[in-house]
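Visitor: Here's my sequence, what's the structure:
(chains A and B)
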Amino acid sequence: MKINKEIRRLSREMLRASFTDGQLDPGRISSLVDSLIAKKPRNYIDVLKNYRRLLRLELEKRQAKIETANEVDSATSSELISNLKKKYGSDLTAEFIVNPELLGGMRIRVGSDVWDGTVRNRLERLQQEL
Amino acid sequence: MSSILEEIETKIEGLKTSTTKSNVGVVRETGDGVARIEGLSDVMLNEMIEFPNGVFGLALNLEETEVGAILMGDNTLVEEGDEAKTTGRLLSVPVGKALLGRVVNTLGQPLDDKGPIKTEAFYPLEKIAPGVIKRRSVNQPVQTGIMAIDAMIPIGRGQRELIIGDRATGKTTIAIDAIISQARLNKAAEDAKDTNYRPLYCIYVAVGQKNSNVARVLDVLEKEGAMPYTTIISAPASDTATNQYLAPFAGAAMGEWFMDNKMDALIIYDDLSKHAVAYRQVCLVLKRPSGREAYPGDVFYLHSRLLERSARMSDEFGGGSVTALPIIETQAGDVSAYIPTNVISITDGQIYLETDLFYQGVRPAISVGLSVSRVGSAAQIKAIKQVAGKVKLDLAQFRELAAFAQFGSDLDAATRARLDRGQRIVELFKQKLYNPIPVEEQVAVIWAMQNGYLDPVPVERVKEYQLKLQDWLQTRKEGLLRAIREKKELDKDIESQLKAALDEFKTSWR
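Guide: The predicted structure follows:
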């Protein structure tokens, strides 16, 4: 998608206006989208697409993807989530995924940051080292 | 055996406790050797990025939500949705003496069938050039063995001298002659166990050349015995634009190792026009804004930061040097095009080769009027300075008079003498390819010309006279040549010996 300066500027402004007290506000987001559709400025569909992309990236920053080889018990998961919230803010959401290919351990991804303590990762590193 | 087991054990121990933290992104778009990656929030400029299947990339564009990276290796292995990881490392190449005699690619991997290259050190491709405190002015010559260059456009160690000219005017040949000359000097010093001589190691960087050309250069260097002192970095036309763009920087990194270790290196960038074209391609697919002739805005900086890395270090910093001979190919002799003017302004002088001269049989086809060396004369040995001081002026006067003399045959004696002298100098400076002349022979020949020994020789036989004289001096007057080589200047004693020798030769010459 070719994005011109105007589209980028407008969608960035919309993203900036989507926050209330540093947290994404669904009500403001929907009202922003509605007003944009009502006004129909030039390239408004591309603006909306880019706004959606920026929102997705913003949401990814606030979502933790926790991959484990086996199911995690509730006590561990709640401890994990509270620890992550301490680091990344209270609006963090968590998603648990079971992936037997990891063999053991845990892999947490929040935005671009990844903590990898899986057996698979260790084996891969060992393979590289040797 | 037990030590290996222990080693593995310690490595496993080291891995046990560690949970690795990394910064990742997702490939959103890939093609033309470029990938656009979403994420990678901690990536640094020029940092290496690791893709699956062992492919690496280099982060060149850091944008608000995306990173543009150029891919090295097989870029068909990278797909949309792949996870890319930062490595925290800069792109580096192996450096050291183990690379001498080898043909390698941009990443320093061997392309010849001589097995793996065992080096201990790695240098980053991009490095800030040494500052003013670390440098000193050039004071040692690079003897190219080409008489016209050594006499009139001298090159010093640490200098950047551009070789510029149209296609097929002998640009690469000059560079190869210089390499062969260094190899001969290095070998002679090794054989004589001369510890005072600083060997000059050569690095030939082929950018965007035909593979057949690189093979031919390799063949010549092997035949002339120059490969033991030379590394060839090949990024041919069939290589990716990324590799072509990075190859000169790899060469500079390899040269810097010699400089940092108190040695001297000579790098030939063949050629920077194709390098600029490869960089233009990389930048256009990265969607960077384009400027004049569609080159990106920082194409000047690309070449200036590369050539600025050539330096002569001061004695406190080891006294090593990197000399650069960049080559630029012009189109129909147009030196005022974008890339040629850029590189002319960066370098410390240029050797300009003319097509017309080439077809007139003046080879190397060096245009004396347009060629200059801004700093090299400080590095010339005294003997050459003594004999060659007036040559450039004589030639300039000859060219002026030659144009004038076309219109009339009535010339006064002084003009006639000047024309005769000029014609003889032009003949003397013609030289066969891959045949560098040692500096002491150059001194003897130019001295003979300056002192009128060539005046009775017909112009068409000047070359024959010169070759015979060189032969005769090598076989009969070895002591005299050695004296010139060692004293590096013409004192009264040597001059009288030279006079006697030339008088003796005159009697035998027919």
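Visitor: so how many other residues sit close to whatever residue of chain A ends up closest to chain B?
Guide: Closest contact between chain A and chain B, by C-beta to the nearest C-beta, is at A:G117 (3.5 Å). Just so you know, the C-beta spots here come from the backbone N, C-alpha and C atoms, and that holds for glycine as well. For A:G117, the count of nearby residues is 17 (other C-beta atoms under 10 Å in any protein chain shown).
Visitor: Now that it has come up, it's in contact with A:G105, right?
Guide: Yes. With contact defined as C-beta atoms under 8 Å, A:G117 reaches A:G105; the gap is 4.5 Å.
Visitor: that's a helix at B:L473, yeah?
Guide: Yes. B:L473 forms part of a helix when assessed by DSSP: H, G, I helix; E, B strand; the rest coil.
Visitor: Could you pull out the strands in chain A for me?
Guide: Assigned by DSSP state E, chain A shows strands spanning A:19-20, A:23-24, A:63-68, A:93-98, A:106-110, A:113-116.
Visitor: and those as JSON lines, adding distance to B:E50?
Guide: Formatted as JSON lines, the strands of chain A follow (distance: least, C-beta to C-beta, whole Å):
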{"stretch": "strand A:19-20", "distance to B:E50": "34"}
{"stretch": "strand A:23-24", "distance to B:E50": "32"}
{"stretch": "strand A:63-68", "distance to B:E50": "19"}
{"stretch": "strand A:93-98", "distance to B:E50": "23"}
{"stretch": "strand A:106-110", "distance to B:E50": "16"}
{"stretch": "strand A:113-116", "distance to B:E50": "13"}
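Visitor: got CSV for those strands, with mean neighbour count and mean pLDDT too?
Guide: Putting the strands of chain A into CSV (neighbours: other C-beta atoms under 10 Å in any protein chain shown; pLDDT from 0 to 100) gives the following:
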stretch, mean neighbour count, mean pLDDT
strand A:19-20, 12, 90
strand A:23-24, 13, 86
strand A:63-68, 19, 92
strand A:93-98, 12, 92
strand A:106-110, 20, 92
strand A:113-116, 20, 92
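Visitor: Out of those, which is closest to B:V372?
Guide: strand A:113-116 (56.3 Å; C-beta to C-beta).
Visitor: Neighbouring strands of the closest one in the sheet, and parallel or not?
Guide: Using DSSP bridges, strand A:113-116 pairs in its sheet with strand A:106-110 (antiparallel), strand B:20-31 (antiparallel).
Visitor: sorry, back to before: let me see the contact set for the residue of chain A closest to chain B.
Guide: The neighbourhood of A:G117, defined by C-beta atoms under 8 Å, 6 or more residues apart in numbering or on different chains, consists of A:G105, A:M106, A:R107, B:T19, B:T20.
Visitor: in the chain, what spans have low per-residue confidence?
Guide: Picked chain A for this. Scanning chain A for pLDDT under 70 picks out the ranges A:1-2.
Visitor: Let me rephrase: I mean chain B.
Guide: Applying pLDDT under 70 to chain B picks out residues B:1-2, B:11-18, B:408-409.
Visitor: In it, what residue lies closest to chain A?
Guide: Closest point on chain B to chain A, by C-beta to the nearest C-beta, is B:T19, at 3.5 Å.
Visitor: Next, count neighbours for that residue.
Guide: There are 14 residues near B:T19, going by other C-beta under 10 Å.
Visitor: same deal with B:P289?
Guide: Neighbour tally, B:P289, other C-beta under 10 Å: 8.
Visitor: I figured it was touching B:G297, is that so?
Guide: Yes. Counting by C-beta under 8 Å, B:G297 is a contact partner of B:P289 at 6.8 Å.
Visitor: need the strands for the stretch 351-500 of chain B, in chain order.
Guide: In the stretch 351-500 of chain B, the strands defined using DSSP state E, counting those that start in this stretch lie at B:372-373.
Visitor: which parts of the lengthiest helix in chain A are buried?
Guide: Longest helix in chain A by number of residues (criterion: DSSP state H): helix A:44-61. Residues of helix A:44-61 classed as buried by neighbour count (16 or more other C-beta atoms under 10 Å in any protein chain shown): A:44, A:46-48, A:50-51, A:53-55, A:57-58, A:60-61.
Visitor: tell me what it is packed against?
Guide: Secondary-structure packing of helix A:44-61 (3 or more C-beta pairs under 8 Å, 6 or more residues apart in numbering or on different chains; DSSP states H and E): helix A:5-16, strand A:23-24, helix A:26-39.
Visitor: Residues contacting that helix, please?
Guide: Applying C-beta under 8 Å, 6+ apart, the contact partners of helix A:44-61 are A:1, A:3, A:7-8, A:10-12, A:14-15, A:18, A:24, A:29, A:33, A:36-37, A:41, A:88, A:110-111, B:38, B:65.
Visitor: Burial check on B:D491, number of neighbours?
Guide: By other C-beta under 10 Å, neighbour count at B:D491 equals 13.
Visitor: for B:R482, that is, sorry about that
Guide: 11.
Visitor: what does B:G165 give?
Guide: With other C-beta under 10 Å as criterion, B:G165 counts 27.
Visitor: pretty sure B:D348 contacts B:R160?
Guide: Yes. Using C-beta under 8 Å, B:D348 makes contact with B:R160 at a distance of 5.2 Å.
Visitor: Not counting its neighbours along the chain, what's nearest residue 50?
Guide: Reading this off chain A. Excluding the flanking residues, the one nearest A:N50 by C-beta to C-beta, 6 or more residues apart in numbering or on different chains is A:S11, at 4.0 Å.
Visitor: sorry, should have said chain B
Guide: Distances taken as C-beta to C-beta, 6+ apart put B:K85 closest to B:E50, at 4.6 Å, once the chain neighbours are dropped.
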